[in-house]
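Asker: Just to be clear, the model below is a prediction. Sequence and coordinates:
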Amino acid sequence: MGVRFVAVNDGVDSDNQMDNDFTPFRNIINEWYAKDTSKKIRAVFRNKGLSGQRLSSNAPFGCLREADGQLLIDPETWERVQKIRAQRRRPTKMGEMGMFSGLAFCADCGARLYHCRTGSWTYEQECYTCSSYRTRKNCSAHYIRAVVLEQLVLQNLQRVTAYAQDDTDAFVRQVMENTVRAQLTEQEKAKKLLEKHTRRIEELDKIIQGLYEDNITGKLSDERFAKLSESYKKEQADLKASVSELLPIVKAEEKQAVNIQSFLKVVRKYTHPTELTPAMLREFVNKIVVHAPDKSSGHRVQRIDVYYNFIGEIDLSPEYSKKTTA
């Protein structure tokens, strides 16, 4: 075909017929070598597969690849996905999903806030209301418009991210102080409850012992004894289960339970947020607590508290919405 072939390492030149006598045999040997290598590679993959080792070179989403090739769950991605799954988001009758569905909670009863809208409403008319108020009427509505909630959360987010970027050291110190304070409060509550449960368990031991003695002496019938002892034993079992849960909290050392670096990583991803998107909201916010409106001043004033992923609530002045009442 008029093509010249030169193999420098093998000393082959198609224009020199004298040097090409061994070329056909060399090609056969090279082809055998390639087939043998392919066969060995397939055998290695087959043995790895049979022994339960992973064959893919890339780790799937949510996992990290260790040096030995084994997969390790990513402690950060896993927790974020579990939070998203726990925050159930139900579409409205219009088939749309509210941005804050599963994130907004009532400050008084702790119930979720429902996203309300109709086909004739504009976005400015969409709102969130307490689910307990809608179903059982045992709480106030905690009504807040979606556009107002979006503005308040964005304002809080802008202030927190600016604080984290402008003075990172002070931001880290404040987060640490907030966390230690919250842990101490939780430990103190757990300690008091543990002491109360322990005293009651000891009292129940004496009561059950007295029941046995009264039953043996005939002061208490077998039927009455069985009913009382069963009730006290159940209470004691519940208290012991509670004690086993409280002990780790009381004995645990004060430690940083938040991942500040993970939060700062998200902050660097969204340096100057000017618009709130669902993806940004889920990456930053863990939950939003909406308080009931206060109209005592002649204005409708409503407060929200924003709790962030990894760090919880930042102790800045809370966000309020103000509107003159008619």
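Answerer: Yep, it's here. Numbering: from 1, shown residues only.

Asker: Quick check: pLDDT value at residue 52.
Answerer: We have a pLDDT of 78 for residue 52.

Asker: Please report the distance of it from residue 71.
Answerer: For residue 52, the distance to residue 71 equals 12 Å [CB to CB, to the nearest Å]. (C-beta placed from N, C-alpha, C; glycine too.)

Asker: out of these two, which sits in the busier spot?
Answerer: Neighbours per residue, other CB atoms under 10 Å: of residue 52 and residue 71, the larger number sits with residue 71, 14 against 6.

Asker: Please name the nearest non-neighbouring residue to that one.
Answerer: residue 63 (4.5 Å; CB to CB, 6 or more residues apart in numbering).

Asker: Correct me if wrong: the one you found contacts residue 70.
Answerer: No - using CB atoms under 8 Å, residue 63 is not in contact with residue 70, being 9.8 Å away.

Asker: These two: which is more packed in?
Answerer: Neighbours were counted for residue 63 and for residue 70 using other CB under 10 Å; residue 63 has more, 16 against 11.

Asker: Enumerate the beta-bridge partners assigned to that one.
Answerer: residue 73 (DSSP bridges).

Asker: separation between it and residue 164?
Answerer: Between residue 63 and residue 164 the distance is 29 Å, computed by CB to CB.

Asker: what does residue 188 give?
Answerer: For residue 188 relative to residue 164 (CB to CB), the value is 29 Å.

Asker: Which parts of this structure are strands?
Answerer: 6-7, 12-13, 63-65, 71-73, 104-106, 113-116, 127-130, 144-145, 285-290, 299-308, 312-313, 319-324 (DSSP state E).

Asker: need those in JSON lines with mean pLDDT and distance to residue 82, can you?
Answerer: Listed next are the strands of the chain as JSON lines, based on pLDDT from 0 to 100; distance: least, CB to CB, whole Å:
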{"stretch": "strand 6-7", "mean pLDDT": "85", "distance to residue 82": "59"}
{"stretch": "strand 12-13", "mean pLDDT": "82", "distance to residue 82": "63"}
{"stretch": "strand 63-65", "mean pLDDT": "82", "distance to residue 82": "15"}
{"stretch": "strand 71-73", "mean pLDDT": "83", "distance to residue 82": "11"}
{"stretch": "strand 104-106", "mean pLDDT": "91", "distance to residue 82": "18"}
{"stretch": "strand 113-116", "mean pLDDT": "86", "distance to residue 82": "21"}
{"stretch": "strand 127-130", "mean pLDDT": "90", "distance to residue 82": "24"}
{"stretch": "strand 144-145", "mean pLDDT": "92", "distance to residue 82": "27"}
{"stretch": "strand 285-290", "mean pLDDT": "91", "distance to residue 82": "12"}
{"stretch": "strand 299-308", "mean pLDDT": "89", "distance to residue 82": "16"}
{"stretch": "strand 312-313", "mean pLDDT": "82", "distance to residue 82": "17"}
{"stretch": "strand 319-324", "mean pLDDT": "56", "distance to residue 82": "27"}
